[in-house]
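Chemist: Mind folding the following:
(one chain, ligands or ions: 1)
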Amino acid sequence: MSDDSGWQVAQAAPRHYQNQVSRFMEPFATALVDACVSNGDIVLDVACGTGIATRMAADKAGTAGRIVGTDINGAMVDLAAEVSYRGNIEWRQASALDLPYANGIFDSVICQQGLQFFPSPEVGLAEMARVSRSGATLGATVWSDLEDSPYLDAMHHMLGAYCDVDQQEMAWSSDSEQVVGWFLDAGLNEPMIDSLVLTVSLPPLEDFVPAHMKATPWADRFDSLSQTESANAVRFMSERLSDWITPAGADVPFSSYLASIVT
Ligand SMILES: C[S@@+](CC[C@H](N)C(=O)[O-])C[C@H]1O[C@@H](n2cnc3c(N)ncnc32)[C@H](O)[C@@H]1O
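Modeler: Below you'll find the predicted structure:
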């Protein structure tokens, strides 16, 4: 099985990720943790990135709980460990397709905006189910149709138009049938699917977009734009987001599925 995993960042990107991307990841991580984690749980966060959901899970599980955050990208895991102060979290670099854990040991297994980047989401889900105990809650968030997340949609079009990023590289959303199909192909029951639409307040786009781009796999391509091109790229996004611009920045809806099962 190839582990040519999508959505990889390098060098300074994890710090930018932690500072910028958390703005729109946090409300979805909160919903995922609320739905899946209980006090005292032993929790696994798969594709944890810089640990946004992992830290929330640690708070919800409390001192009696134990949390593990894993990601294939060692730089993300290292930053997660650096910015986390909670004692009940262990961090480990690991592929979601080959989790280094025994069968049936976790009470809750979560994956926040990671599944869609695995070379095989169904293998990732089968692994998440394998390490879950019977009766555990397994949950994942996946962006729904990008048109329902105008900021991500504008970014998608901007990267295509200004940075020559092809559609394949930006497969970061899904439809509900596909998400259900991943669970069924993993040999699991049909998941319960909640559609979450949450409005996020972003700072002025001239500040936020260049900072956010540094946190993505396309950082080098955005960085190599001239000043004029980069200003035009931000203007391109601002025009697409004109309905949501506010005096302080932009209040934009983001839409995600929250798929969950009890194993
Ligand atoms: C969009 S980020 C989400 C990170 C984090 N869950 C959050 O909410 O901020 C996607 C993450 O998936 C990770 N990833 C991609 N493929 C993976 C794989 N095969 N195994 C484990 N992690 C993977 C990436 O390294 C990245 O950290």
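Chemist: do the helix or strand that residue 201 is a member of and the ligand meet at all?
Modeler: Using DSSP states H and E, residue 201 maps to strand 192-202. No: shown here: strand 192-202 not in contact with the ligand (Cβ under 6 Å from any ligand atom), separated by at least 13.5 Å. Glycine gets a C-beta too; all of them are placed from N, C-alpha and C.
Chemist: Centre of the chain to that strand, how far?
Modeler: Mean C-alpha position of strand 192-202 versus that of the full chain (Cα atoms, centre = their mean, to the nearest Å) differs by 13 Å.
Chemist: Who are the packing partners of it?
Modeler: Applying 3 or more Cβ pairs under 8 Å, 6 or more residues apart in numbering; DSSP states H and E, we find strand 192-202 packed against helix 22-36, helix 176-185, strand 249-262.
Chemist: Repeat the analysis, applying 6 Å as the threshold.
Modeler: Judged by 3 or more Cβ pairs under 6 Å, 6 or more residues apart in numbering; DSSP states H and E, the packing partners of strand 192-202 are helix 22-36, strand 249-262.
Chemist: Nearest approach to the ligand belongs to which of those?
Modeler: Set against the ligand and scored by Cβ to the nearest ligand atom, the helices and strands packed on strand 192-202 come closest in helix 22-36, at 4.4 Å.
Chemist: what helix or strand is the residue of the chain most remote from its centre on?
Modeler: Outermost residue of the chain with respect to the C-alpha centroid, by Cα atoms, centre = their mean, is residue 228; its distance is 30.9 Å. According to DSSP H and E, residue 228 maps onto helix 227-240.
Chemist: Tell me if the helix or strand hosting residue 54 is near the ligand.
Modeler: Residue 54 is part of helix 52-61, with elements assigned from DSSP H and E. Yes: under the criterion of Cβ under 6 Å from any ligand atom, the ligand is reached by helix 52-61 at 52-53.
Chemist: Report the inter-axis angle for that helix versus helix 22-36.
Modeler: 40 degrees (axes from the mean of the first three to the mean of the last three Cα atoms, to 10 degrees).
Chemist: Adding distance to the ligand, write the helices and strands packed on strand 192-202 out as JSON lines.
Modeler: As requested, the helices and strands packed on strand 192-202 are arranged in JSON lines below (distance: least, Cβ to the nearest ligand atom, whole Å):
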{"stretch": "helix 22-36", "distance to the ligand": "4"}
{"stretch": "strand 249-262", "distance to the ligand": "11"}
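Chemist: Appreciated, that's everything.
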